[in-house]
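Colleague: Structure, please.
(one chain, ligands or ions: 1)
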Amino acid sequence: MQLNLTGKTAIVTGGSAGIGLACAQALYAEGVSVLIAARNEERLAQGLAAIADHAPESSARALSVSADVSTAEGVEGAVNRALSTWGHVDILINNAGSAPSGDFYSLGDDAYHGAWDLKLLGYMRMVRALAPQMKARREGRIVNIVGAAAHNPTPTFLAGGTANAAIINFTKGISQDLAPYGVRINAISPGPVNTERARQLARQEAAAQGISVEEASARRIASVPLSRMAEADEIADMALFLVSDRAASITGAEVLIDGGTTASV
Ligand SMILES: NC(=O)c1ccc[n+]([C@@H]2O[C@H](COP(=O)([O-])OP(=O)(O)OC[C@H]3O[C@@H](n4cnc5c(N)ncnc54)[C@H](OP(=O)(O)O)[C@@H]3O)[C@@H](O)[C@H]2O)c1
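Modeller: Okay, here's the model as predicted:
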């Protein structure tokens, strides 16, 4: 499938690991210059090496910026670095997220503020910072990595679930503002994906439910009709499709990659 992405520029938040890294690798392999934004410098350096290793022949450039995108300053730093390097950004993958699992009565306000600042406000701030130049150039494609917990609430994942539900609302709402300018925004909502975050969530779920980590992981997979965890590459493949011209008529949509978990109409 021809994606025609060569020469474009992208920011991937949380691009140093997991789903974000897989998205950055996939974009770079298609000839897209990519800026990955995350906090830990060492993981960013490892991420850049993994991106270059993945596609040694790519004509693109990969760079990183250490930024906490749960803050307005972090978002500004990442966006300014990309704009000062390339002059414009064609593609945004909003992906950084780390909401904790935990018993509702034990988690304090900090857990909720942390989840909403990073995922909901972080995604909104990135769009607010990048959309004006996308609209002016009539060129922009945005993917929000959300999560099937938006549709499948559980009492031990309410910080992440509420943030995800709000991002779906945001994605659909802002898509109508962007569409007249040819700028598209879509959401991908994964179920369990085989990343470090999934292992961390299993540890937190185990503690919240008083079961072993192995049992928590097994229950999570058993709850998926297809009885499997997705790999990060599967999410990246869909992101690549959505930011390509192959998806030219798709905006304000949510694609579930959850193994059949969300059965609502
Ligand atoms: N894995 C799953 O099962 C699953 C399921 C549904 C939805 N999701 C969603 O998919 C997204 C990616 O998850 P993942 O599994 O790939 O996570 P991951 O493996 O833990 O990677 C998270 C990435 O985000 C970065 N990050 C975390 N906090 C950040 C902050 N404040 N500012 C900037 N970067 C930050 C991390 O780097 P630093 O820590 O160095 O900053 C890392 O690069 C998240 O939004 C998550 O909610 C994941």
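
Colleague: Report whether stretch 214-225 contacts the ligand.
Modeller: No: Stretch 214-225 stays clear of the ligand (C-beta under 6 Å from any ligand atom), getting no nearer than 8.5 Å. C-beta here means a position set from N, CA and C on the backbone, and glycine is covered the same way.

Colleague: contacting residues around that stretch?
Modeller: 191-192, 198-199, 201-203, 205-206, 209, 211, 227-229, 258-261 (C-beta atoms under 8 Å, 6 or more residues apart in numbering).

Colleague: Could you pick out the buried ones from the residues you listed?
Modeller: 191-192, 198, 201-202, 205-206, 229, 258-259, 261 (16 or more other C-beta atoms under 10 Å).

Colleague: The ligand next: which of the residues you listed are close?
Modeller: Answer for the buried ones among the contacts of stretch 214-225 near the ligand (C-beta under 6 Å from any ligand atom): 192, 198.

Colleague: mind checking the backbone torsions on residue 142?
Modeller: phi -130, psi 140 (degrees, to the nearest 10).

Colleague: count of neighbours near the residue nearest to residue 159 when sequence neighbours are not counted?
Modeller: Distances taken as C-beta to C-beta, 6 or more residues apart in numbering place residue 115 nearest to residue 159, at 3.8 Å, with adjacent residues excluded. Using other C-beta atoms under 10 Å, residue 115 is surrounded by 24 other residues.

Colleague: residues touching the residue nearest to the spatial centre of the chain, list them.
Modeller: Taking C-alpha atoms, centre = their mean, the centroid of the chain lies closest to residue 95, which sits 2.0 Å from it. Residue 95 is in contact with 12-15, 19-20, 23, 145, counting by C-beta under 8 Å, 6+ apart.
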